[in-house]
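Asks: build me a model from this:
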Amino acid sequence: MAEFQIRAARPDDFPEVLALWSSIDRHTALPDKPEYLQTFHEFSPDLFLLAEARSAGSGQAPGRIVGTVIGGWDGWRANIARLATHPEYRRQGIAEALVREIETRLRARGAQRIYALVDRRNPLGAPFWEAATYRPNENIIQYSRNLEDE
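Replies: The predicted structure is shown next:
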């Protein structure tokens, strides 16, 4: 079982966060950039969380970022996105701990409902979120538009 701690992300973590995200099978139509992380961090630093390994694993040094989650809050509803766990550290409670911590922080802001944003092409997503007592909402369709493309 991995020993880890959950903490808020810091700007000096961004290169490692981006490396983690690029190392896992994700589907995103907008490339990740350090400036996007910086903008979010300036807006809501307490809603950008990391799991950091306390002990070495797989030849890695302690302090390695092994998980991420981002919480969004619009003053009414909340969202969870960018839940990721390093493949070598999966099934050790990291994702669940990240979700519970971000839920606590969103609840403290007044959230009554939290949406988990999960790509349908993520085979690990649905089983995890259902085990975490989230249910698919078939009444909502998400539309998106990349403004960078204009």
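Asks: list the buried ones in the longest helix anywhere in the chain?
Replies: The longest helix of the chain (DSSP state H) is helix 94-109. Under the neighbour-count criterion of 16 or more other CB atoms under 10 Å, helix 94-109 has 94, 95, 97, 98, 99, 101, 102, 103, 105, 106 buried. Every C-beta, even on glycine, is put in place using the N, C-alpha and C of the backbone.
Asks: which residues belonging to stretch 31-45 are considered buried?
Replies: Neighbour-count burial for stretch 31-45 flags 37, 40, 41 (criterion: 16+ other CB under 10 Å).
Asks: from the middle of its chain, how far away would stretch 4-24 be?
Replies: In terms of CA atoms, centre = their mean, to the nearest Å, the centre of stretch 4-24 is found 10 Å from the chain centre.
Asks: what does it contact?
Replies: Outside stretch 4-24, the residues that touch it by CB atoms under 8 Å, 6 or more residues apart in numbering are 32, 34, 37-38, 41, 45-46, 48-54, 64-68, 82, 84, 86-87, 89, 92, 94, 97-98, 101.
Asks: buried set for that stretch?
Replies: Neighbour-count burial for stretch 4-24 flags 4, 6, 9, 13, 14, 16, 17, 18, 20 (criterion: 16+ other CB under 10 Å).
Asks: could you dump those residues to JSON lines with secondary structure?
Replies: Listed next are those as JSON lines, based on DSSP: H, G, I helix; E, B strand; the rest coil:
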{"residue": "4", "secondary structure": "strand"}
{"residue": "6", "secondary structure": "strand"}
{"residue": "9", "secondary structure": "coil"}
{"residue": "13", "secondary structure": "helix"}
{"residue": "14", "secondary structure": "helix"}
{"residue": "16", "secondary structure": "helix"}
{"residue": "17", "secondary structure": "helix"}
{"residue": "18", "secondary structure": "helix"}
{"residue": "20", "secondary structure": "helix"}
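Asks: how about the closest residue to residue 45 other than its chain neighbours, phi and psi?
Replies: Distances taken as CB to CB, 6 or more residues apart in numbering put residue 8 closest to residue 45, at 5.6 Å, once the chain neighbours are dropped. The phi and psi torsions at residue 8 (degrees, to the nearest 10) take the values phi -70, psi 140.
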